[in-house]
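*Asks:* predicted model and sequence below, questions to follow.
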Amino acid sequence: MTAVKSLPHAKPIRAVICLVLGAVLWPAETVEAQARRGGRPTVAAEVVAGSLARSTGELSFRIAVEVPAGHHGYIDKGDDGFLIPFSFSFPDLEETGVVEMTSAPRGVRDNKVRAQVLRGRGDFAFRFVPAPPPAADATAGLRYQICNDLTGICYPPMLLRIHVATGSGSR
């Protein structure tokens, strides 16, 4: 049997290969562990205090959306039209009138994902015509998908319910 001699440069090459593989695999292990421990990060949303206003025949207000640090959500569908942007529904109010989004945060262009994205907080403004009765409370639905800025991993779409008290505010 012939003895195999170790080449002097073999150990450094193995070390480099291990470091490269470790760097490539590390983010996947971190995300997997995070998902097992506490679940995935979520968006927070609420009606902006003092934004509810009634005028003759219409009701308007703003909803603040907060994307967790290190993540982004989509303002638009992206250059290829396949992304899931923030979208709102008002099933309790859509039966009795027209719902219009009057403004949305501009966000920032992210060339890596080829879309306008929201990081941090942004306000969405709405107008309902005709205005619902003051005693009518409603629920808004916010559908969204967020992605991790570091790993690029996107979480499955979520639906968040937001309570909208239509009874206060005046113009």
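*Replies:* Looks like it arrived, so ask away. Numbering: from 1, shown residues only.

*Asks:* which stretches of this protein form strands?
*Replies:* 44-47, 53-55, 58-66, 71-74, 87-89, 98-103, 108-110, 115-118, 121-129, 137-144, 146-148, 158-165 (DSSP state E).

*Asks:* name the strands paired with the fifth one and say parallel or antiparallel.
*Replies:* Meaning strand 87-89. Paired strands of strand 87-89, with direction, are strand 137-144 (antiparallel) (DSSP bridges).

*Asks:* helices and strands of this protein: which one has the lowest mean pLDDT?
*Replies:* Within the chain, no helix or strand scores below helix 10-38, which has a mean of 38 by mean pLDDT, DSSP states H and E.

*Asks:* and the strands of the chain: which comes nearest Asp80?
*Replies:* Closest of the strands of the chain to Asp80 is strand 115-118, at 8.9 Å (criterion: CB to CB). Just so you know, the C-beta spots here come from the backbone N, C-alpha and C atoms, and that holds for glycine as well.

*Asks:* where are the low-confidence patches of the chain?
*Replies:* 1-38, 168-171 (pLDDT under 70).

*Asks:* got the strands of the chain as a markdown table, with mean neighbour count and distance to Asp80 columns?
*Replies:* Shown next, in a markdown table, are the strands of the chain (neighbours: other CB atoms under 10 Å; distance: least, CB to CB, whole Å):
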| stretch | mean neighbour count | distance to Asp80 |
| --- | --- | --- |
| strand 44-47 | 16 | 27 |
| strand 53-55 | 15 | 38 |
| strand 58-66 | 20 | 24 |
| strand 71-74 | 23 | 12 |
| strand 87-89 | 16 | 18 |
| strand 98-103 | 12 | 23 |
| strand 108-110 | 14 | 14 |
| strand 115-118 | 22 | 9 |
| strand 121-129 | 17 | 23 |
| strand 137-144 | 17 | 19 |
| strand 146-148 | 21 | 15 |
| strand 158-165 | 14 | 22 |
